[in-house]
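[1] can't give you the sequence, but here's the structure:
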């Protein structure tokens, strides 16, 4: 049961990160950014969401133990 919850949560976080990155890239292109600049913004957004999720997980783990 625990493994299933961890895998489902990981998949959900990755999906949210991908959606946020796609949105950031699309908004950057709509703002007139070049394709490399939009890709950079999308990659930065993806990395930020993953980092935020890892930080939140670390904080929750330290509070629960």
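    Nice, I can see it. This one's a predicted model, so the numbers in the text were calculated from it and none came from an experiment.

[2] okay, CA-based contacts and neighbour counts for the rest of this
    OK.

[3] What number of residues are in the vicinity of residue 38?
    Neighbours of residue 38 under the rule other Cα atoms under 10 Å: 22.

[4] next one: the one 5 residues further on
    By the measure other Cα under 10 Å, the count of residues near residue 43 is 18.

[5] out of everything not next to it in sequence, what's closest to it?
    Spatially, and ignoring its direct neighbours in sequence, residue 43 is nearest to residue 21 (6.5 Å; Cα to Cα, 6 or more residues apart in numbering).

[6] Retrieve the pLDDT associated with residue 23.
    With respect to pLDDT, residue 23 scores 98.

[7] ok, it - contacts?
    If a contact means Cα atoms under 8 Å, 6 or more residues apart in numbering, then residue 23 has residue 42 as its contacts.

[8] Check the one 3 residues further on too.
    Residue 26 sits next to residue 38 when contact means Cα under 8 Å, 6+ apart.

[9] Find the helix or strand that it is a member of.
    In this structure, residue 26 sits in helix 2-30 according to DSSP states H and E.

[10] can you give me the angle the helix or strand just after that helix makes with helix 2-30?
    Toward the C-terminus, helix 2-30 is succeeded by helix 35-64 as the next helix or strand (DSSP H and E). Helix 35-64 runs at 150 degrees relative to helix 2-30, counting by axes from the mean of the first three to the mean of the last three Cα atoms, to 10 degrees.
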